[in-house]
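[1] Have a look at this fold, sequence not included:
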């Protein structure tokens, strides 16, 4: 049972430490919680400090109660990259080049492959490796029968097995023998491992369709093919950095890909406050930016030209710094969050952040909130961010807006006409070939 269910059953959290390293050898973070069955009127302590109340998220309670809802308007906005499952899929640049030289047609199935390390460590945020991608194609055209004259059930069976008839109109992995040989030699043995009893170690259908990724994410790539630019972020990271991206590629499973929202809103510290509250903490690795918790629940403001302009200025300043110093996001934001670093160019980036946050605040119409930017203590140490008081005010407003939008979506759904189920009539009697009209 989750902590929110425990609290809703009448249990009070009286003391909590939201995150500390596990005392054993495992690299884990744990939370310590002291609870009492029933109400509690005494002092509450959160992370060593007095708190008026403690939520099931192990944060101090704000003025708005409840958890955020997933918003229907955000359900096709964010995605996780592909779970490749097989090191043999991944190629170094020289390996990719050699395979393309062998047969130029191989380039159709070799894609740049971007992961979290590329995003956070490379000044130009570019992929450093490549990957073989057979999409959801069958393995070969060695199946018996005729595709054209078969019904849908039979076609599904062929696709499920990976062996389709010779007249199958689409591509198959065996159309690219050089690439399939790599996968057969370097991925197939790993994916088809068996235990001492002869059972496959991996779940179905991973051992059966060893030439395909474990999770192909077709909805992500369909969306990416239709949208000129996406926004990407490393899923687990202590660095708060988003980037626009438009390269034909395969995204790693630890990359979050976002569409149809303003980059400046995501990069703002208002969104950071939301994501760090409702996302999970991964110890020294930073925060887990989970799309379900951090994006699908987030109530975005209406489009703002001011946010767009400030966002582009911010990105230009940041990109210039990264190019000049040959640094990625991790090193740059390490300086950004270091109170000892008072260099002009870092202060300029901080000023860009303040300007962006104010523009986002205005887009919401919340100019009365004082953000009080500065160096403040957070779950992952001292950072240049908005004050705890400002965080609480922003989170209260965002949660109230989330609840309002959810209520509006539910009301809109309830107002839709309900289609009555089709009535099931009796089987008509045999009328000896007479023509009848059902009135």
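    That came through fine. Values in this document were obtained by computation on a predicted structure and should not be read as measured data.

[2] Quick check: the residue nearest to residue 193 when sequence neighbours are not counted vs residue 93, distance?
    Among residues not flanking residue 193 along the chain, residue 201 sits closest, at 4.6 Å (CB to CB, 6 or more residues apart in numbering). C-beta here means a position set from N, CA and C on the backbone, and glycine is covered the same way. According to CB to CB, to the nearest Å, residue 201 stands 32 Å off from residue 93.

[3] who's in contact with residue 95?
    residue 130 (CB atoms under 8 Å, 6 or more residues apart in numbering).

[4] Please tell me how far it sits from residue 89.
    Residue 95 is 11 Å from residue 89, by CB to CB.

[5] and what of residue 200?
    In terms of CB to CB, residue 200 sits 19 Å off from residue 89.

[6] So those two - more neighbours on which side?
    Ranked by neighbour count (other CB atoms under 10 Å), residue 200 and residue 89 place residue 89 first, with 23 against 14.

[7] Output the below-cut-off pLDDT ranges for the stretch 201-350 of the chain.
    282-284 (pLDDT under 70).

[8] ok, 80 please
    228, 281-285 (pLDDT under 80).

[9] which residues of it fall in strands?
    230-234, 236-237, 243-245, 250-251, 255-258, 280-281, 287-288 (DSSP state E, counting those that start in this stretch).

[10] Please name the strands paired to the first one in the sheet, noting orientation.
    Meaning strand 230-234. Strand 230-234 sits in its sheet next to strand 243-245 (antiparallel), strand 255-258 (antiparallel), going by DSSP bridges.

[11] Flag every buried residue along the first one.
    So the one you mean is strand 243-245. Using 16 or more other CB atoms under 10 Å as the test for burial, strand 243-245 gives 243, 245.

[12] Identify all contacting residues around that strand.
    114, 119, 125, 229, 230, 231, 232, 233, 257, 263, 315, 329.

[13] The last one now?
    For strand 255-258, the surrounding residues in contact (CB under 8 Å, 6+ apart) are 77-81, 114-116, 119, 220, 224, 230-235, 242, 245, 251, 266, 289, 291, 295.

[14] how does it look with 7 Å?
    If you take CB atoms under 7 Å, 6 or more residues apart in numbering as the criterion, strand 255-258 is touched by 77-81, 114-116, 119, 220, 230-235, 251, 266, 289, 291, 295.

[15] Which ones among those residues map onto helices?
    116, 119, 220, 266, 291 (DSSP state H).

[16] Report the two of these separated the most.
    The distance between the two most remote of the ones in helices among the contacts of strand 255-258 (CB to CB) is 17.2 Å, for 220 and 266.
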